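**Q** here is my input, please return the structure:
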Amino acid sequence: MNEASESRPKIRVRGRSLMAIVLSPEPPLPEWLGALDAQISAAPSFFEQRAVIVDLTALPSTTPDIAGFLEELEQRGIRIIGTEGAHPSWSGIKDSIRPLANTRASGKPVEIRPPPPAASAKEPNALVIDRPVRSGQSVVFEHGDLTVVGSVSSGAEIVATGSIHVYGTLRGRAFAGLKGNSRARIFCRRLEAEFLAIDGLYSTADEIEPRLRGAAVQAWLDGESLMIAALD
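**A** Numbers count the residues shown, from 1 in each chain. All right, here's what the predicted structure looks like:
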């Protein structure tokens, strides 16, 4: 890895229910856009048919021309459905998250699985899905680890605040550590994933080493890097 790539800002994305992702730009914006361009070049199809919310919280109130910045994102093929964290002084910009219905071209239903009813006052910290997750479905668990006893199809999405375990083939997208849990991990019996992310740091299918495709693997964070290794 060369010095320029090591100093390049990290592009973080986060899962959001109803098949949206959150993109969180950081200053300085020219460098951040350069890193975004590099990421799009490495995975040109990543933002296709994806609903995106832009979280502006990390940008100082003195940041100029936020509207122009959002236009630059849209020119890159990023479909913005709303913003959050906008400063009141930014002319023409306000928090606005539009409904996410019909955001996927396939028209397939999106399934949001809430945590099961608790038997006591204590909320469950794990959810087990005992069937495959099919294309176009989304499983979101905001209280801990998520386990799928089966496969996750291409075009499906699984999201958890804790770790993710897939006892089958992972072909879709997996977001672990949803709310800033950098210790979360992703495990699967057979890796064919389109996308893996932990605490916003991610790898696309094009970035995963070919030798790991089809293998049983685990993914974890080492500092600001997403690591993937075969399970022996």
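**Q** residues near H165, how many?
**A** 22 (other CB atoms under 10 Å). For the C-beta atoms, the positions are set from N, CA and C on the backbone; glycine is no exception.
**Q** ok, and for the helix or strand containing it, which residues are buried?
**A** In the assignment (DSSP states H and E), H165 maps to strand 164-170. By neighbour count on 16 or more other CB atoms under 10 Å, the buried set for strand 164-170 is I164, H165, V166, G168, T169, L170.
**Q** which one of those residues is nearest E48?
**A** Within the buried residues of strand 164-170, proximity to E48 (CB to CB) peaks at L170, which comes in at 20.2 Å.
**Q** surely that closest one and E194 touch.
**A** No - under the contact definition of CB atoms under 8 Å, L170 does not touch E194, with a separation of 9.1 Å.
**Q** could you dump the buried residues of strand 164-170 into a markdown table and include pLDDT and distance to S135?
**A** A markdown table is the format used below for the buried residues of strand 164-170 (pLDDT from 0 to 100; distance: CB to CB, whole Å):
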| residue | pLDDT | distance to S135 |
| --- | --- | --- |
| I164 | 97 | 18 |
| H165 | 97 | 20 |
| V166 | 97 | 15 |
| G168 | 96 | 14 |
| T169 | 97 | 13 |
| L170 | 97 | 13 |
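**Q** N181: which of these is nearest?
**A** Distance from N181 was checked for each of those by CB to CB. The minimum falls on I164, at 11.2 Å.
**Q** pLDDT weak spots in the chain?
**A** Across the chain, the ranges flagged by pLDDT under 70 are 1-20, 45, 49, 92, 94-124.
**Q** now do the helices in it.
**A** With DSSP state H as the criterion, the chain has helices at 3-7, 29-42, 66-75.
**Q** nearest to I198, of those?
**A** Among the helices of the chain, helix 29-42 sits nearest to I198 (CB to CB), with 16.2 Å.
**Q** starting at the chain centroid, how far to that closest one?
**A** 17 Å (CA atoms, centre = their mean, to the nearest Å).
**Q** keeping just the C-alphas, turn that helix into CSV.
**A** Listed in CSV are the C-alpha atoms of helix 29-42, where the atom choice follows Å, rounded to 0.1, in the frame of the first residue of the first chain:
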residue,chain,number,x,y,z
LEU,A,29,-14.3,17.8,2.1
PRO,A,30,-12.0,17.9,-1.0
GLU,A,31,-9.9,15.0,0.5
TRP,A,32,-13.0,13.2,1.6
LEU,A,33,-14.4,13.4,-2.0
GLY,A,34,-11.1,12.1,-3.3
ALA,A,35,-11.3,9.1,-1.1
LEU,A,36,-15.0,8.6,-2.1
ASP,A,37,-13.9,8.7,-5.8
ALA,A,38,-11.3,6.1,-5.2
GLN,A,39,-13.8,3.9,-3.4
ILE,A,40,-16.3,4.3,-6.3
SER,A,41,-13.5,3.4,-8.8
ALA,A,42,-12.8,0.2,-6.9
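**Q** measure how that helix sits relative to helix 66-75, angle-wise.
**A** Orientation check (axes from the mean of the first three to the mean of the last three CA atoms, to 10 degrees): helix 29-42 against helix 66-75 gives 10 degrees.
**Q** mind listing what's buried along helix 29-42?
**A** Neighbour-count burial for helix 29-42 [16+ other CB under 10 Å]: L29, W32, L33, A35, L36, Q39, I40.
**Q** now render those residues as a markdown table, adding distance to V149.
**A** Below are the buried residues of helix 29-42 laid out as a markdown table (distance: CB to CB, whole Å):
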| residue | distance to V149 |
| --- | --- |
| L29 | 44 |
| W32 | 40 |
| L33 | 42 |
| A35 | 38 |
| L36 | 37 |
| Q39 | 33 |
| I40 | 35 |
